[in-house]
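Enquirer: pasting the structure only:
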């Protein structure tokens, strides 16, 4: 710890304050990057991030990667909007995804053959304001009856609103809204003689829209309105005593959040050229929240970063088994590296695990060669490395059954691990790691739909323990009233 | 009447008037038929044992509770006093009544400067889009809010100055939190300031500072002050008039010495003298 000779005396109030501030940063080189960024100021930082985003396709992204990028940017836009409601105004809104849906359906109806004889085909510069204002009004309509509700009650009411949206689009006016079959003939975004048809163009549009939205929100955060939002979150009674009309301020947060969601919805609908009720169901909501929580509730940059990270892991990395394996083993090793102290203990555990694997493999192979005939399901370097270490039965049916069984045992082991302390924990850690690797290789690695849920959950749990405020969030104190 | 400033006699117009104010929670009468006046540039203290209804008076004045009977009138500056009973708290605050809280209610996760600037909401008009586009009105108001914030924070000298501005409120010491509450209340540009136990939890030196501060606020900003306080040094040092409450009823009113020696006040705090009790039987 270096002491600035010009700075305050060690132990003085100001010194304590600065030390506290230092601890807010991310560890190691990430913290240095963060500090360098702070010196630059917010808008150059945002501009650099935006330019980097625009330059990314030049690396030659494939169609799949571009689609992952587009989905991630849409979720990032949604997370940034949700941050207004949840992060600033402190209103737990679980119906947020419905505003996204309203934006998408609103755009779909205004730019498709669904309504009228030939349909409505408005240019984007006209349909966008209509949809956004409509969503804002809807936000007010939802907020108005629920503005007096606090915390959990508001969450339940808004959750119903979200579910109601899915039900309505599924069942009401099938000739117009399409029912479960959705609307599948949506025009691309057009206006001023330009029509966006390629995925590249939507990617660029989304990067620009996200950067502009973040800039707007940043300007709003430290303005009269933004301060009022946060004051209402901190203490509604005190806010009211300080001339802030609490209910009106809450409603404006709802409306602003809804507008951002609707904006994301229009681009989503135009890019997909189709909308279905299931696109706006709870899983999307959970992804938005996961991104917001991972990145740091209350921080614009955090919301965007968190959502991008979650979506790239969820949609991009975890879809291919090879990359999922890298993430699995990488995260596992990283956790051990961070959590296991002293180094001697770490070396013992790792060494014992490696030895246990080779020994078990050798014994099993000697008894029954078919028991190890399967080999690891991970491909590439990891698969080769684990060839003589992990036991996977040759018969795929057996492998699956044993994998299922192993999964249950693994959960029991993990729970035991949390309960025991000291030497026993170290000893028990070895078979737990080995069993986790076994379950992964025998069962999970080829089931992305399961593994990605598990992995996102694991990442969130690790984050919750190691950095509760999220990647870029500010530490907050909760005041019980 | 304490020395050192011009007397504010019965001639000055009342800023705040409580007229036979009553408040019941079900069968419990928290306040009954309370009359109270605060005049221009006057410091009035409310004393009384715990549960006497002192904070309840503040809550009724600021609109947290609606009175069951009676009226609260507040003098909007040149015009006649108007009834404010039943108005929402933010509207009452905008008329010019600011308060602090006994149980500190700061915006804990906002910076010191932001806490104060948040209180300028009612005095500013810029709409969200004006703030985003940095239009002239938004910029002017932001500048003015900052100047006002610096001004009210400078009331406390070095204690809330410099590096503290950008610190979150939760990092402040207890005494500084109390000071920040006062600064935040001043930023609403009040004509009447309600202070709820401003010296609670402070050491003797800081208590003395608070006493002087109350006089300073009244003199420099020409604000009337209604203060709830248990510390009799503060009460005797700052008040023009003292009102004693017990069980929601006004039991005494007048100068500090007069009220402090009033038999009903002594009884409220200490109970009845044993000989009197014997005599009553």
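Expert: Right, received. Where do you want to start? This is a predicted model, so every value here is computed, not measured. Numbers count the residues shown, from 1 in each chain, chains lettered A, B, ... in the order given.

Enquirer: For the stretch 101-250 of chain A, what lies in contact range of chain B?
Expert: Contacts of the stretch 101-250 of chain A with chain B, taken as C-beta under 8 Å from any C-beta of the partner chain, map to A:216, A:219-220, A:223-228, A:230-231, A:234-235, A:237-246. For the C-beta atoms, the positions are set from N, CA and C on the backbone; glycine is no exception.

Enquirer: Contact partners for residue B:83?
Expert: Taking C-beta atoms under 8 Å, 6 or more residues apart in numbering or on different chains as the criterion, residue B:83 is in contact with B:71-73.

Enquirer: Now do the residue in chain A that chain B sits nearest to, the pLDDT please.
Expert: Chain B sits closest to residue A:243 of chain A, with a gap of 2.6 Å, by C-beta to the nearest C-beta. According to the prediction, residue A:243 has pLDDT 94.

Enquirer: The closest residue to it other than its chain neighbours: neighbour count?
Expert: Excluding the flanking residues, the one nearest residue A:243 by C-beta to C-beta, 6 or more residues apart in numbering or on different chains is residue B:122, at 2.6 Å. Look at residue B:122: counted by other C-beta atoms under 10 Å in any protein chain shown, it has 20 neighbours.

Enquirer: Distance from the lengthiest helix in chain A to the middle of the chain?
Expert: Counting residues, the longest helix in chain A under DSSP state H turns out to be helix A:246-272. Computed by C-alpha atoms, centre = their mean, to the nearest Å, the chain-centroid distance of helix A:246-272 equals 18 Å.

Enquirer: Could you tell me which residues within it count as buried?
Expert: Residues A:246-247, A:249-272 are the ones in helix A:246-272 that count as buried (16 or more other C-beta atoms under 10 Å in any protein chain shown).

Enquirer: what's near enough to touch residue A:448?
Expert: Residues near residue A:448 by C-beta under 8 Å, 6+ apart: A:318-321, A:324.

Enquirer: Ok, residue A:266 next?
Expert: By C-beta under 8 Å, 6+ apart, the residues touching residue A:266 are A:103-104, A:106-107, A:124, A:127-128, A:131, A:189.

Enquirer: residues in the stretch 151-281 of chain B within reach of chain A, list them.
Expert: For the stretch 151-281 of chain B, the residues in contact with chain A (C-beta under 8 Å from any C-beta) are B:163-164, B:167-168, B:170-171, B:184-185, B:187-188.

Enquirer: What is the burial count for residue A:320?
Expert: Number of residues near residue A:320 (other C-beta under 10 Å) recorded here: 13.

Enquirer: Setting aside sequence neighbours, what's the nearest residue to it?
Expert: residue A:448 (7.8 Å).

Enquirer: for residue A:455, same thing?
Expert: Closest to residue A:455 by C-beta to C-beta, 6+ apart is residue A:318, at 5.9 Å.

Enquirer: That neighbour reaches residue A:450, doesn't it?
Expert: No: the criterion here is C-beta atoms under 8 Å, and residue A:318 misses it with residue A:450 at 10.0 Å.

Enquirer: Neighbour count for those two, which is higher?
Expert: Neighbour tally, residue A:318 and residue A:450, criterion other C-beta under 10 Å: the higher count belongs to residue A:318, 22 against 12.

Enquirer: Now do the same for the more buried one: its pLDDT.
Expert: 77.

Enquirer: repeat for residue A:306
Expert: For residue A:306, the pLDDT comes out at 94.

Enquirer: ok, now residue B:175?
Expert: Looking at residue B:175, the pLDDT reads 89.

Enquirer: go on, the one 3 residues further on?
Expert: On the pLDDT scale, residue B:178 is placed at 92.

Enquirer: Can you tell me the centre-most residue of the chain?
Expert: Using chain A. Nearest to the mean C-alpha position of chain A, by C-alpha atoms, centre = their mean, lies residue A:291 at 2.3 Å.

Enquirer: Hmm, no, I was thinking of chain B.
Expert: residue B:194 (1.0 Å).

Enquirer: bridging residues for that one?
Expert: Beta bridges link residue B:194 to residue B:99, residue B:226 when assigned by DSSP bridges.

Enquirer: So what does residue A:281 look like in phi/psi?
Expert: phi -100, psi -180 (degrees, to the nearest 10).

Enquirer: residues touching it, list them.
Expert: A:97, A:166.

Enquirer: In the chain, where is pLDDT below threshold?
Expert: Since you didn't name a chain, this refers to chain A. Applying pLDDT under 70 to chain A flags the ranges A:1-14, A:16-24, A:26-28, A:479-481.

Enquirer: my question was about chain B
Expert: Ranges of chain B meeting pLDDT under 70: B:1-11, B:76-80, B:279-281.

Enquirer: Smallest gap between it and chain A, at which residue?
Expert: residue B:122 (2.6 Å).

Enquirer: Quick check, that residue in contact with residue A:239.
Expert: No: Residue B:122 is beyond contact range of residue A:239, at 10.8 Å (criterion: C-beta under 8 Å).

Enquirer: Any buried residues in stretch B:132-151, and which?
Expert: B:132, B:138, B:141-142, B:145, B:148-149.

Enquirer: Which members of those occur in strands, if any?
Expert: Judged by DSSP state E, strands contain none of these.

Enquirer: what's the most distant pair in these?
Expert: Farthest pair in the buried residues of stretch B:132-151 (C-beta to C-beta) is B:132 and B:148. Separation: 22.4 Å.

Enquirer: isn't residue B:16 right next to residue B:225, touching?
Expert: No: using C-beta under 8 Å, residue B:16 is not in contact with residue B:225; the gap is 10.5 Å.

Enquirer: what do the two both touch?
Expert: B:38, B:192.

Enquirer: can you give me the strands in chain A?
Expert: Under DSSP E, chain A gives strands at A:111-112, A:120-121, A:190-191, A:194-195.

Enquirer: swap in the stretch 101-250 of chain B?
Expert: Secondary structure of the stretch 101-250 of chain B (DSSP state E, counting those that start in this stretch): strands located at B:192-196, B:224-228, B:241-246, B:249-254.

Enquirer: Redo the ones you listed as TSV? Include distance to residue A:39.
Expert: Formatted as TSV, these follow (distance: least, C-beta to C-beta, whole Å):
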stretch	distance to residue A:39
strand B:192-196	41
strand B:224-228	44
strand B:241-246	55
strand B:249-254	60
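
Enquirer: Run through the helices of the stretch 1-150 of chain B in chain order.
Expert: Taking DSSP state H, counting those that start in this stretch to define them, one finds helices in the stretch 1-150 of chain B at B:54-61, B:89-95, B:112-118, B:128-133, B:136-153.

Enquirer: Need the residues that contact the last one.
Expert: Outside of helix B:136-153, the residues that reach it under the criterion C-beta under 8 Å, 6+ apart are A:223-224, B:112-113, B:116-117, B:120, B:123-126, B:130-131, B:160-161, B:165, B:183-184, B:186-187, B:189.

Enquirer: Could you do the shortest one as well?
Expert: With contacts defined as C-beta under 8 Å, 6+ apart, helix B:128-133 is touched by A:216, A:219-220, A:223-226, A:252, A:256, B:137-138, B:142.

Enquirer: 7 Å instead, please
Expert: A:216, A:219-220, A:223-225, B:137-138 (C-beta atoms under 7 Å, 6 or more residues apart in numbering or on different chains).

Enquirer: how far does it sit from the chain's center?
Expert: 34 Å.

Enquirer: What of the third one?
Expert: Distance, stretch centre to chain centre, for helix B:112-118: 19 Å (C-alpha atoms, centre = their mean).

Enquirer: so, in contact with chain A or not, that helix?
Expert: Yes: using C-beta under 7 Å from any C-beta of the partner chain, helix B:112-118 reaches chain A at B:114, B:117-118.
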